[in-house]
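Novice: coords please:
(one chain, ligands or ions: 2)
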Amino acid sequence: MDVTVELGDRSYPISFRPLDSLGETIAKHYKVGKCVLVTNDVVGPLYGEKAMSALRKAGWNPSYAEIPDGEDRKSSDTYVALVNSLLSLQVDRKTPVIALGGGVTTDIVGFAAATTLRGIPFVNVPTTLLAQVDASVGGKTGVNTSHGKNLLGAFWQPFLVHIPIETLGTLSDAEFRCGLGEVVKHAVLEEVEDPRDKTKLVASTEFFEWLEKNGKRLANRDSECLVHAIRRCCEIKAMVVSADERESGKRALLNLGHTVGHAVESVMGYGKLRHGEAVAIGTLAEAQLACLKGFCDQALINRIAQLLRVVGLPTGIEGLEVDALVEASLMDKKREDTQISVTMIHGIGDVRLLKVTPDELIPVYRMLSGNTSQKFSVVPPAAPNSTPQVNSNAYGIKTMQDHQPE
Ligand code: NAD
Ligand code: GLY
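Specialist: Ligands and ions are numbered 1, 2, ... in the order given. Predicted coordinates for the structure are as follows:
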């Protein structure tokens, strides 16, 4: 059964179906015709042809475009080049664009869809765990700038999220673990309908306790656990987005771990630390801030830390300058004047926003920099000869009408 993101006449389904049913699933929601599949140069060779033939099989006339892989290519250059590629492919306002890939791809493609011709329809087909449980749902799109993470972007909802869970089969363990960080985040945030008053939501520990029990199986990619976790995360996220699409309140809670996480990513340099690893580090740091402020006790922090460790995520990082982290926090897009909203954990399912100044983060920046109990994996810099092949323009974007991915 689909999960629905309820947004009135812009409501859309999240479907959990294999990649080879992509064409027919989109056709249930959109008139078959021309479309553009956009992926990257890692996912393209793995799944591009399968996706293209699934589209053709259902009667679509698909074009194909590839963007370069990597968080460090989630940039305005890649975005502008992609927009130009879409225009070269002669999209019009009715041509659906299909993003096939991880969160970097869905964010860039979504932003290109939001802005090309002032908005064209798009579909997300997430292929990383992180994108399946988080990035593909909710319509936040954008790219990084030299000033910070995701600072250029738009809210633009897809009309369908199609989740082919089987694509996780080729995902590396390190990338898979990153998605587990967002799964833990959703478990900490879980609310359910109050059984006594269905108009209200109440804190729930169910998913968190399920994870405590099944975390190891999930980390070992047990398929039953995976299906449950992905679906539950989508339900939790859909509920939050439906209640607050534009992040004027509740949705900001989904940024748990991201204020510190984004600062860590920015100070490290994009592409050095995986986003999911940074969020795991940030989640624990922000939980520690809540504890320092007296909102929750250390026992709860220990449970969260234990869960992150069980799924193999880092909880600290050595050697970052505290001053640089404070400065990076000032570039947070949630900043209002001198304050930033940070999600404070009061209990499982009970999280609330607190405005803090970047200086108030100093104690946890000190703690996380000194926490060496867990090692993190740093993405090695790309070897010079691994630079993606540039075919059609300076930014490595390759496009072809009805291209057969090699
Ligand atoms: P990613 O897109 O960089 O994917 C990670 C790596 O896995 C990449 O090299 C990618 O090419 C590769 N890959 C993707 N699918 C694969 C597969 N099935 N098999 C093998 N390799 C595969 O990173 P991510 O972790 O998916 O996403 C992180 C990004 O998502 C960040 O930029 C973050 O800001 C963004 N994000 C957005 C939202 C949102 O609401 N829009 C939410 C969370 C994160
Ligand atoms: N990942 C945070 C959000 O979608 O709001």
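Novice: pLDDT score for residue 149?
Specialist: Residue 149 is assigned 85 on the pLDDT scale.
Novice: contacting residues for the residue lying closest to it once chain neighbours are set aside?
Specialist: With C-beta to C-beta, 6 or more residues apart in numbering as the criterion, residue 149 has its nearest non-adjacent residue at 4.5 Å, and that residue is residue 262. No exception for glycine: its C-beta is placed from N, CA and C like everyone else's. Residue 262 makes contacts with 148-150, 278, 282, 328, 332, as judged by C-beta atoms under 8 Å, 6 or more residues apart in numbering.
Novice: Can you list which of those residues are found in strands?
Specialist: 148-150 (DSSP state E).
Novice: Pull up the gap between residue 60 and ligand 2, please.
Specialist: Counting by C-beta to the nearest ligand atom, to the nearest Å, the gap from residue 60 to ligand 2 is 29 Å.
Novice: Check residue 43 too.
Specialist: According to C-beta to the nearest ligand atom, residue 43 and ligand 2 sit 21 Å apart.
Novice: excluding its backbone neighbours, what's nearest that residue?
Specialist: The spatial neighbour of residue 43 that comes closest, neighbours along the chain excluded (C-beta to C-beta, 6+ apart), is residue 101 at 4.4 Å.
Novice: May I have the phi/psi pair for that neighbour?
Specialist: Its backbone dihedrals place residue 101 at phi 160, psi -160, with angles given as degrees, to the nearest 10.
Novice: who's in contact with it?
Specialist: The contact partners of residue 101, taken as C-beta under 8 Å, 6+ apart, are 39-40, 42-43, 109, 125-128, 131.
Novice: Produce a PyMOL select command limited to the buried residues of the residues you listed.
Specialist: Under the burial definition 16 or more other C-beta atoms under 10 Å, those of the contacts of residue 101 that qualify are selected in PyMOL by:
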select buried, resi 39+40+42+43+109+125+126+127+128+131
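Novice: So which of the contacts of residue 101 are in strands?
Specialist: Those of the contacts of residue 101 mapping onto strands are 39-40, 125-126, per DSSP E.
Novice: Which member of these is positioned nearest residue 219?
Specialist: Lowest distance from residue 219 to the ones in strands among the contacts of residue 101 (C-beta to C-beta) belongs to residue 126, with 19.4 Å.
Novice: Is there a neighbour count for residue 306? I'd like the number.
Specialist: Other residues lying near residue 306 total 12 when counted by other C-beta atoms under 10 Å.
Novice: quick check, the residue nearest to residue 149 in a helix?
Specialist: Yes. Using DSSP: H, G, I helix; E, B strand; the rest coil, the secondary structure at residue 262 is a helix.
Novice: Per-residue pLDDT of the most centrally placed residue in the chain, please?
Specialist: Taking C-alpha atoms, centre = their mean, the centroid of the chain lies closest to residue 135, which sits 2.8 Å from it. For residue 135, the pLDDT comes out at 97.
Novice: count of neighbours near the closest residue to it other than its chain neighbours?
Specialist: The shortest distance from residue 135 to any residue that is not its chain neighbour, by C-beta to C-beta, 6+ apart, is 3.2 Å, and that residue is residue 103. By the criterion of other C-beta under 10 Å, residue 103 has 27 neighbours.
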